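*Asks:* This is a predicted model, with the sequence first.
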Amino acid sequence: MSHQDVLAKVGLSAEELSGGSLSVRSPIDGAHVADVHETDPGEMQAVIDRAQAAFKVWRSVPAPRRGELVRLLGEELRRSKDELGAVVTLEAGKIVSEGLGEVQEMIDICDFAVGLSRQLYGLTIASERPGHRMMESWHPMGPCGVITAFNFPVAVWSWNAALALVCGNPVIWKPSEKTPLTALASMKIMARALDRFGDAPEGLVQCVIGGPAIGEALVASPGVPILSATGSTRMGSAVGPKVLGRWGRPILELGGNNAMIVAPSADLEMTLRAVVFSAVGTAGQRCTSLRRLIVHNSIREELVGKLVKAYAGLPIGDPRAEGTLVGPLIDHDATDRMQAALDAARAEGGKVHGGGMAEGMDGGAYVRPAIVEMPSQTETVRTETFAPILYVMGYDDFDEAMELHNAVPQGLSSCIMTLNLREAEAFVSAAGSDCGIANVNIGPSGAEIGGAFGGEKETGGGRESGSDAWKSYMRRQTNTINFSDALPLAQGVRFDV
Ligand code: UN1
């Protein structure tokens, strides 16, 4: 199917795909596929005003009814799964199965959020005063800005949007400039859900297209009390303080430098599969991609040997083709950054296996994933490069592995491969992994939506998706209700008037 056919299938019209100032290329073959219309930064105040007006209506719609909109979104996504997955493949370069997986992740969070719409529970709290009752209420916050990255161009929006909507908040989405088409396609699907829903306020879900000036308007406006941003640590360190500076609430999901400790008892065949999926899946362009392998010296040579062999046989190429496991990087700048990191690692004493350009479609940035044996955890290893590079380091005792593991600035995801119960428990204990996600006997990537997603340190501290991440999208109110005929004061204070 041609690129244009893929776009037509999700209902994007020739008008929407041409005449704009944002040129979109497919990483598959570098082909120019659209010129998308950008939002004028001067229009941003009107966008935010519309969201604020929608908020005044939506916050009073009962949460289970708000859940109905998200249920319909899930239903429409199910219907359009193949078509939207194909646009993810077209625009982000993901292999077909991962494009579909991304849409499935959207469906899953919709299901989760529908249930949640009847479970926005607060506590009741014992009051120290007679005839008093205390409780917590969770209330909508207001418009939620969502800035997303190219690598999960639609799933990350849906984690935020599904929760924000059931929590009573309008959504303003600014997708990556590299992936506006998946966003426009998702908005078509959203529009169908809104149509079926019937009486949602205008401006409840908006999408703005463009560069930094658009994002900046969301970041700066007190009319956007929640700002969820996914991307680089550099971006987050600009966005976070600005949102906090106007007393807004940032939800940040930034860089990761995810490691796997491979203990002597590890099931090596399972380890091999876990490493390959998490290090080269999505061409190493997940926040959760495996970047550091900390392997016990007694099995290091054997594991590296197996990995080098597995890497040599990886099917790299057209992500649409059956059997391909490694598609292209997003663009040629990404290839340059990968090359620069490999050069730096070499200069630091690294031994590089693989790397370099691969055969693929003309015009695409196809690379061979690299394994780099490092003498120590150098500056290059401590830096996140968004490409399929796996740095390998050895260790002799568990404490040393744990130290190495935590000695990076990022704290998103992590894992240990071990059959030793003590090591497994130590890894997930208070003194173990310092990451937001810590797994045993699976890789660091491919998290399910049911858990809270996010991480510590330079990863930004935000939590999205499952568990009680919804609380970040609501304001907590403590209520004390006096049903007595007296007015006793707390802490036994006497104030007789
Ligand atoms: C991201 O890379 O920003 O856990 C999100 C995973 C996916 C989400 C990744 N479920 O790898």
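*Replies:* Thanks, I have it. From a predicted model like this one, the values you see are computed outputs, not experimental measurements.
*Asks:* mind checking how far S80 is from E322?
*Replies:* 22 Å (C-beta to C-beta, to the nearest Å). Every residue, glycine included, has its C-beta placed from N, CA and C.
*Asks:* Settle it for me: which of the two has more neighbours?
*Replies:* A count of neighbours by other C-beta atoms under 10 Å puts S80 above the other of S80 and E322, at 21 against 9.
*Asks:* ok, now which ones touch the nearest residue to that one once chain neighbours are set aside?
*Replies:* Closest residue in space to S80, ignoring its immediate chain neighbours: I189 at 5.3 Å, by C-beta to C-beta, 6 or more residues apart in numbering. Listed by C-beta atoms under 8 Å, 6 or more residues apart in numbering, the contact partners of I189 are V10, L73, E76, L77, S80, L84.
*Asks:* got the contact list for the spatially most central residue of the chain?
*Replies:* Nearest residue to the geometric centre of the chain (C-alpha atoms, centre = their mean): V156, 4.8 Å. By C-beta under 8 Å, 6+ apart, the contact list for V156 reads V146, T148, A149, T230, E253, E464.
*Asks:* Which of those residues fall within strands?
*Replies:* Using DSSP state E, the subset of the contacts of V156 located in strands is V146, T230, E253, E464.
*Asks:* ok, now which ones touch the last one?
*Replies:* What that stands for is E464. The contact partners of E464, by C-beta under 8 Å, 6+ apart, come to V156, W159, N160, L163, S228, I251, E253, A452, F453, G454, S472.
*Asks:* Any chance of CSV for the contacts of V156, columns pLDDT and distance to C167?
*Replies:* Shown next, in CSV, are the contacts of V156 (pLDDT from 0 to 100; distance: C-beta to C-beta, whole Å):
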residue, pLDDT, distance to C167
V146, 98, 13
T148, 98, 18
A149, 98, 23
T230, 98, 18
E253, 98, 18
E464, 98, 12
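*Asks:* any idea which of those residues has the most stuff around it?
*Replies:* Once you tally neighbours by other C-beta under 10 Å, E253 ends up highest among the contacts of V156, having 29 neighbours.
*Asks:* Can you give me the distance of the closest residue to that residue other than its chain neighbours to the ligand?
*Replies:* Nearest residue to E253 in three dimensions, chain neighbours excluded: T230, at 4.4 Å (C-beta to C-beta, 6+ apart). T230 is 5 Å from the ligand, where distance means C-beta to the nearest ligand atom, to the nearest Å.
*Asks:* What residue in the stretch 51-200 of the chain comes nearest to the ligand?
*Replies:* The ligand sits closest to F152 of the stretch 51-200 of the chain, with a gap of 4.4 Å, by C-beta to the nearest ligand atom.
*Asks:* How about the residues of the protein by the ligand?
*Replies:* E105, N151, F152, V156, T230, R286, C287, T288, S445, G446, A447 (C-beta under 6 Å from any ligand atom).
*Asks:* 5 Å - rerun?
*Replies:* By the rule C-beta under 5 Å from any ligand atom, the part of the chain lying against the ligand is F152, R286, C287, T288, S445, G446, A447.
*Asks:* Contact partners for the last one?
*Replies:* It stands for A447. Contacts of A447 (C-beta under 8 Å, 6+ apart): T288, S413, I437, F453, S465.
*Asks:* And these, which two are furthest apart?
*Replies:* Pairwise distances across the contacts of A447 (C-beta to C-beta) peak at 13.0 Å, for the pair S413 and S465.
*Asks:* Compare those two (neighbour count), which wins?
*Replies:* S413 (32 against 27).
*Asks:* just checking, that one touches C435?
*Replies:* Yes. When contacts are counted by C-beta atoms under 8 Å, S413 is listed as touching C435 (5.7 Å).
*Asks:* what do the two both touch?
*Replies:* With C-beta under 8 Å, 6+ apart as the test, S413 and C435 both reach N258, G455.
*Asks:* List the contacts of stretch 25-34.
*Replies:* For stretch 25-34, the surrounding residues in contact (C-beta under 8 Å, 6+ apart) are 3-4, 7, 12, 16-18, 20, 23-24, 89-93, 181, 318-320, 327-331, 361-365.
*Asks:* Make a ChimeraX selection of the buried ones in these.
*Replies:* Selecting just the buried residues from the contacts of stretch 25-34 in ChimeraX takes one command, with 16 or more other C-beta atoms under 10 Å as the test:
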select :3,7,12,16,17,20,24,89,90,91,92,93,181,318,319,320,327,328,329,330,331,361,363,364,365
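*Asks:* Just flag the most distant two among the contacts of V156.
*Replies:* For the contacts of V156, the farthest-apart pair by C-beta to C-beta is A149 and E464; their separation is 12.7 Å.
*Asks:* could the contacts of I189 be laid out in a markdown table, adding secondary structure and pLDDT?
*Replies:* Formatted as a markdown table, these follow (DSSP: H, G, I helix; E, B strand; the rest coil; pLDDT from 0 to 100):
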| residue | secondary structure | pLDDT |
| --- | --- | --- |
| V10 | coil | 97 |
| L73 | helix | 98 |
| E76 | helix | 98 |
| L77 | helix | 98 |
| S80 | coil | 98 |
| L84 | helix | 98 |
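*Asks:* Who wins on neighbours among these?
*Replies:* Most neighbours among the contacts of I189, by other C-beta under 10 Å: L73, with 29 neighbours.
*Asks:* burial count for the residue nearest to that one when sequence neighbours are not counted?
*Replies:* In this structure, L73 finds its nearest non-sequential neighbour in A193, 4.1 Å apart by C-beta to C-beta, 6+ apart. The tally of other residues near A193 (other C-beta under 10 Å) stands at 21.
*Asks:* quick one: contacts for A193?
*Replies:* A193 neighbours (C-beta under 8 Å, 6+ apart): L69, L72, L73, E75, E76.
*Asks:* what does H353 give?
*Replies:* The contact partners of H353, taken as C-beta under 8 Å, 6+ apart, are V304, V308, Y311, A370, I371, V372, E373.
*Asks:* same thing but 7 Å
*Replies:* Applying C-beta atoms under 7 Å, 6 or more residues apart in numbering to H353 gives the contacts V308, Y311, A370, I371.
*Asks:* where does the chain have low pLDDT?
*Replies:* Regions of the chain meeting the criterion pLDDT under 70 are absent.
*Asks:* quick one, longest helix in it?
*Replies:* helix 96-116 (DSSP state H).
*Asks:* Show me what that one is packed against.
*Replies:* Counting contacts by 3 or more C-beta pairs under 7 Å, 6 or more residues apart in numbering; DSSP states H and E, helix 96-116 packs against helix 63-79, helix 81-92, helix 155-166.
*Asks:* Serialize the ones you listed to a markdown table and add fields for distance to S484.
*Replies:* A markdown table is the format used below for the helices and strands packed on helix 96-116 (distance: least, C-beta to C-beta, whole Å):
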| stretch | distance to S484 |
| --- | --- |
| helix 63-79 | 31 |
| helix 81-92 | 57 |
| helix 155-166 | 36 |
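*Asks:* what's the most buried one of those?
*Replies:* helix 155-166 (a mean of 29; mean count of other C-beta atoms under 10 Å).
*Asks:* Where do the helices of the stretch 251-400 of the chain begin and end?
*Replies:* 268-280, 297-312, 332-347, 379-382, 398-406 (DSSP state H, counting those that start in this stretch).
*Asks:* can you tell which of those is closest to R476?
*Replies:* Among the helices of the stretch 251-400 of the chain, helix 398-406 sits nearest to R476 (C-beta to C-beta), with 31.5 Å.
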